[in-house]
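Undergrad: Any chance you can model this:
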Amino acid sequence: MADTHVLFVEDDDVIREATQLALERDGFVVTAMPDGLAGLEAFRANRPDIALLDVMVPGLDGVSLCRRIRDESTVPVIMLSARADSIDVVLGLEAGADDYVTKPFDGAVLVARIRAVLRRFGHASGPDGAKPAAAADAGPDEAVLRFGDLEVDTEGMEVRKAGENVALTPTEMRLLLEFSNAPGTVLSRDRLLERVWDYGWGGDTRVVDVHVQRLRGKIGQDRIETVRGFGYKLRG
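TA: Numbers count the residues shown, from 1 in each chain. Sure thing, here's the model as predicted:
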């Protein structure tokens, strides 16, 4: 992780400086900015490996900054929010963020979440560079999975709907691969949190719900069915 470049946008001077020092001690290269406009300029100039964005930064708020970044890149984004129940968390996820961390946070927890996100962004690879199960288990004749007009290329990590390419973020791709590996099987939110987000502990299921919503918007609203009280399943 020594060469991993983190963009950190936070307007609180104490939090920004303390977090920057903590991340640098763990081997990250950090560009820290006090507001959203400066953060956007730094993103375009440096092209970091991951962005940490506080929701309530001045100039250009974190949600708007996330949306601008997502318009230009699939770089992973983690939102930072002072309230876990804040509507801003959902708005950030809907804008394209991959995860969020609630403030105040423990430095070790933040580093663990950063590394978990980065693992799944290694060409949609899983922990330690392993491909998700759907890709790892696919033979030559099974590399392209078909569900109606939806095609999932588990080797090329590409998705097509009615012959047209569908642009997915790595997190969305991992989520679709989990569904594709078990079509018709109900997958619980807890299982998806563990498999896609590498959560070894209880996480916020809103992360799953918002990503499923985003994925539906790209591959078809009816392709992923909600099984109330249990989770989601991919229709074959």
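
Undergrad: C-alpha from now on. contacts and neighbour counts both.
TA: OK.

Undergrad: Show me what the mean pLDDT comes to for stretch 179-195.
TA: The average pLDDT within stretch 179-195 is 94.

Undergrad: Name the residues of it that come out as buried.
TA: For stretch 179-195, the neighbour count (16 or more other C-alpha atoms under 10 Å) marks 179-181, 183, 186-190, 192-193, 195 as buried.

Undergrad: just stretch 206-215 next, same as before
TA: Quick answer for stretch 206-215 (16+ other C-alpha under 10 Å): 207-212, 214-215.

Undergrad: repeat for stretch 158-176
TA: For stretch 158-176, by 16+ other C-alpha under 10 Å, it's 159-161, 166, 168-176.

Undergrad: Check stretch 210-229 too.
TA: Within stretch 210-229, the residues that qualify as buried are 210-212, 214-216, 219, 223-226, counting by 16+ other C-alpha under 10 Å.

Undergrad: who's in contact with it?
TA: Applying C-alpha atoms under 8 Å, 6 or more residues apart in numbering, the set of residues contacting stretch 210-229 from outside is 90, 93-94, 150, 161, 166-168, 172, 175-176, 186, 232-235.

Undergrad: out of those, which are inside helices?
TA: Among the contacts of stretch 210-229, DSSP state H puts 90, 93-94, 172, 175-176 in helices.

Undergrad: okay, who's weakest in the residues you listed by pLDDT?
TA: When those are compared, Val90 shows the smallest pLDDT, 87.

Undergrad: Hmm, that one is touching Thr205, no?
TA: No - using C-alpha atoms under 8 Å, Val90 is not in contact with Thr205; the gap is 11.0 Å.

Undergrad: hmm, back to that, which two from the ones in helices among the contacts of stretch 210-229 end up farthest apart in space?
TA: Val90 and Leu176 (20.4 Å; C-alpha to C-alpha).
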